[in-house]
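**Student:** Structure here, sequence nowhere to be found:
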């Protein structure tokens, strides 16, 4: 029998704590029966939800703690007060101790990043973790990273993001050789930040297996699904993500307002309600819940703070998929390949020089 | 009688040239009769459109040139080939020579920026121009700048953007004391780029008249209309703008697909077609066409390259409004105030020190 995927859950994270987290796990288990859970948090609050769901209780353990990171704790505060004691830390630590394959938390992002980095450490050659989002597009889904883990990125960090995002796309999107675009403000080679231009050159030169470098993409390309993976540093990535969510909300509100304005429109709404339900499902942010923290020696999933049962289940399922397909191993292998190429820089320039010498002779 | 606003038009700019630009001017003139036009470009192509519209011909002059900047010219190419000769340059130069109050071009952005900067020069203390966009929101409209004129910004440049955007908001939105937000990736004081944090402190300290500093805003706040003016550097601003457009297109496509999928939905669409027409109008990018180049010693409006007659008319009207209300004078006055305050930095810190000394004593 296939080994179950072990999920460590920060039961106290998010706006609703165990009331959403535990039933969310039950929902995920219905779709993926090969899972086991460890819930970290206040047992008095967790246990009643488990008792209500015997199939979940049968594959779950509870580790009691009353320490919880608050949604408004600063990362430094959270680390000071919650290290080695909070439900968030303990869930992450379970991954480190190989008691779990993945940790899922709806707790505050800054604290989760800081704790994950402190507890799990980053991979060799990766100095900062990133958060990857799964973005719904016209053609399907696109992985966008970094959406806010860190600000600014040098060229090599962007290349690393491309590699990590690509490994994730292979697993989550099921694409053998994902296409990768660098987010920029124009497609002409002349435009953009120096780091982005250098990263573009590096990605082209590297010609990595399993990574199809597309070139620059613009903000409008994300929703079009022009590429499987969009790479950017965390400031622009976060602004893109939040702006897209804001625009979707804005259009939904316009639509509601206009459809409620007169009788004919209301009748039209009734006739077309299947279409509106389908539209709503497509735009439902719960269906793409779950930011993946990449670059760490362990898998951590950030669920949205306001997640309900469905959103929590989706985040857990992403964690399941990633652990099941051994994302970390894939990332490690490609990163090693890339940094190996980089540590022997004589190769590529030498070829270039030869060519230049040849053409000038 | 009130003096007409004089508009210099690059008739050869954009994907359609005079075929859209001249009828666009005619359309704008219907709504704002106190305008005069100078068309720069190929007279053989311009004249027939003028002949077709006597009211426009009566207030228009044509300056013939066959040199035109191409949509794919790099800025340096455009300057080399088109300086002092192209329709784009001549339209801008008409503003410099006070033959026109504003120049409007649908030509390529990079070339327009480079020519405007070279020909008009930037205002004192402003090293780089910015492009301001008018963004439709749930509450009305918001000015967002910079949406791609230049990459990166130090704190003082962000403050200057706030001042220029605010002066524009007073005129375009008709708000006496516009609220201003700095685009950031979190609302907590701890987050974000150092320059953005410093700019926030400067704006709070400056306590400028006619500028109500709100604090940080996130990507999602733009569409909500949380503030009248959103300030950011050009890379993030351009990505936000393009991502929002992309998301709006994506939703429109989902909606079309779903409404066409079955008979009931098609019937629903027929009943609610007023609502859909209203939605379409609200999302119509032509109604917010016209990026305003700010920070120059003259007003230049960038119309979208693909603009049709309506889009062109809207861009011309923005130019009209800005020239009519003497935007430049307003910007100059507030900038002077701000940089004056900055050149006497002893004032504010001294007050702060006194307070600190008082509280520690």
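**Tutor:** Looks like it came in fine. Only a predicted model underlies this, so the values are computations on that prediction, with no experimental measurement involved.

**Student:** after the longest helix anywhere in chain A, next one along is what?
**Tutor:** If you go by DSSP state H, chain A has its longest helix at helix A:234-259. Scanning forward in sequence from helix A:234-259 by DSSP states H and E, the next helix or strand is helix A:263-271.

**Student:** what angle do that following helix and helix B:263-271 make?
**Tutor:** 170 degrees (axes from the mean of the first three to the mean of the last three Cα atoms, to 10 degrees).

**Student:** Okay, angle between the following helix or strand past helix A:263-271 and helix A:263-271 too, please.
**Tutor:** Using DSSP H and E, the helix or strand that follows helix A:263-271 in sequence is helix A:273-283. Orientation check (the same axes, to 10 degrees): helix A:273-283 against helix A:263-271 gives 70 degrees.

**Student:** now for helix A:273-283, which elements pack on it?
**Tutor:** Judged by 3 or more Cβ pairs under 8 Å, 6 or more residues apart in numbering or on different chains; DSSP states H and E, helix A:273-283 is in contact with helix B:234-259, helix B:263-271. Quick note: C-beta positions are derived from backbone N, CA and C, even for glycine.

**Student:** In JSON lines: those helices, plus mean neighbour count, mean pLDDT and distance to residue B:45.
**Tutor:** Shown next, in JSON lines, are those (neighbours: other Cβ atoms under 10 Å in any protein chain shown; pLDDT from 0 to 100; distance: least, Cβ to Cβ, whole Å):
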{"stretch": "helix B:234-259", "mean neighbour count": "23", "mean pLDDT": "90", "distance to residue B:45": "30"}
{"stretch": "helix B:263-271", "mean neighbour count": "17", "mean pLDDT": "88", "distance to residue B:45": "41"}
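
**Student:** chain center to the longest helix of chain A, what's the gap?
**Tutor:** Distance of helix A:234-259 from the chain centroid (Cα atoms, centre = their mean, to the nearest Å) equals 19 Å.

**Student:** do the same with stretch A:252-269
**Tutor:** Using Cα atoms, centre = their mean, the offset of stretch A:252-269 from its chain centre is 35 Å.

**Student:** is any part of it close to chain B?
**Tutor:** Yes - using Cβ under 8 Å from any Cβ of the partner chain, we find that stretch A:252-269 touches chain B at A:253, A:254, A:255, A:258, A:259, A:261, A:262, A:264, A:265, A:267, A:268, A:269.

**Student:** Quick check: of those residues, which lies closest to chain B?
**Tutor:** Ranked by distance to chain B (Cβ to the nearest Cβ), the residues of stretch A:252-269 next to chain B are led by residue A:268 at 2.6 Å.

**Student:** excluding its backbone neighbours, what's nearest residue A:47?
**Tutor:** What sits nearest to residue A:47 in space, not counting adjacent residues and going by Cβ to Cβ, 6 or more residues apart in numbering or on different chains, is residue A:62, at 6.6 Å.

**Student:** what helix or strand is that neighbour on?
**Tutor:** strand A:60-64.

**Student:** Quickly run through the sheet partners of that strand, with directions.
**Tutor:** Using DSSP bridges, strand A:60-64 pairs in its sheet with strand A:35-41 (parallel).

**Student:** picking that back up, separation between the residue nearest to residue A:47 and residue A:261?
**Tutor:** Between residue A:62 and residue A:261 the computed distance is 51 Å (Cβ to Cβ, to the nearest Å).

**Student:** next one: residue A:218
**Tutor:** 35 Å.

**Student:** The two: which is more packed in?
**Tutor:** Taking neighbours as other Cβ atoms under 10 Å in any protein chain shown, residue A:218 and residue A:261 compare with residue A:218 leading, 22 against 14.

**Student:** my guess is that one contacts residue A:181, does it?
**Tutor:** No - judged on Cβ atoms under 8 Å, residue A:218 makes no contact with residue A:181 at a distance of 9.0 Å.

**Student:** Relative to chain B, how far out is residue A:174?
**Tutor:** Remark: distance between residue A:174 and chain B (Cβ to the nearest Cβ, to the nearest Å) = 22 Å.

**Student:** and that residue, that's in a helix?
**Tutor:** No - looking at residue A:174 with DSSP: H, G, I helix; E, B strand; the rest coil, it is coil, so not inside a helix.

**Student:** Provide the count of other residues in contact range of it.
**Tutor:** By the criterion of other Cβ under 10 Å, residue A:174 has 11 neighbours.

**Student:** next one: residue A:212
**Tutor:** Applying other Cβ under 10 Å, we find 16 residues neighbouring residue A:212.

**Student:** The helix or strand where residue A:158 lies - what's its average pLDDT?
**Tutor:** Here residue A:158 sits within helix A:155-172, counting by DSSP H and E. The average pLDDT for helix A:155-172 rounds to 94.

**Student:** That one vs helix A:234-259, what angle?
**Tutor:** Going by the same axes, to 10 degrees, helix A:155-172 makes 50 degrees with helix A:234-259.

**Student:** Please determine whether helix A:155-172 lies in contact with chain B.
**Tutor:** No - judged by Cβ under 8 Å from any Cβ, helix A:155-172 makes no contact with chain B; its nearest approach is 13.6 Å.

**Student:** helices or strands up against that helix?
**Tutor:** Contacts defined by 3+ Cβ pairs under 8 Å, 6+ apart place helix A:155-172 against strand A:130-136, strand A:141-145, strand A:179-183, helix A:194-206, strand A:229-231, strand A:291-294, helix A:309-324, helix A:327-343.

**Student:** Redo these as JSON lines? Include mean pLDDT, mean neighbour count and distance to chain B.
**Tutor:** Shown next, in JSON lines, are the helices and strands packed on helix A:155-172 (pLDDT from 0 to 100; neighbours: other Cβ atoms under 10 Å in any protein chain shown; distance: least, Cβ to the nearest Cβ, whole Å):
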{"stretch": "strand A:130-136", "mean pLDDT": "94", "mean neighbour count": "25", "distance to chain B": "8"}
{"stretch": "strand A:141-145", "mean pLDDT": "96", "mean neighbour count": "25", "distance to chain B": "10"}
{"stretch": "strand A:179-183", "mean pLDDT": "97", "mean neighbour count": "25", "distance to chain B": "6"}
{"stretch": "helix A:194-206", "mean pLDDT": "93", "mean neighbour count": "17", "distance to chain B": "9"}
{"stretch": "strand A:229-231", "mean pLDDT": "98", "mean neighbour count": "31", "distance to chain B": "10"}
{"stretch": "strand A:291-294", "mean pLDDT": "94", "mean neighbour count": "26", "distance to chain B": "13"}
{"stretch": "helix A:309-324", "mean pLDDT": "94", "mean neighbour count": "24", "distance to chain B": "17"}
{"stretch": "helix A:327-343", "mean pLDDT": "77", "mean neighbour count": "16", "distance to chain B": "25"}
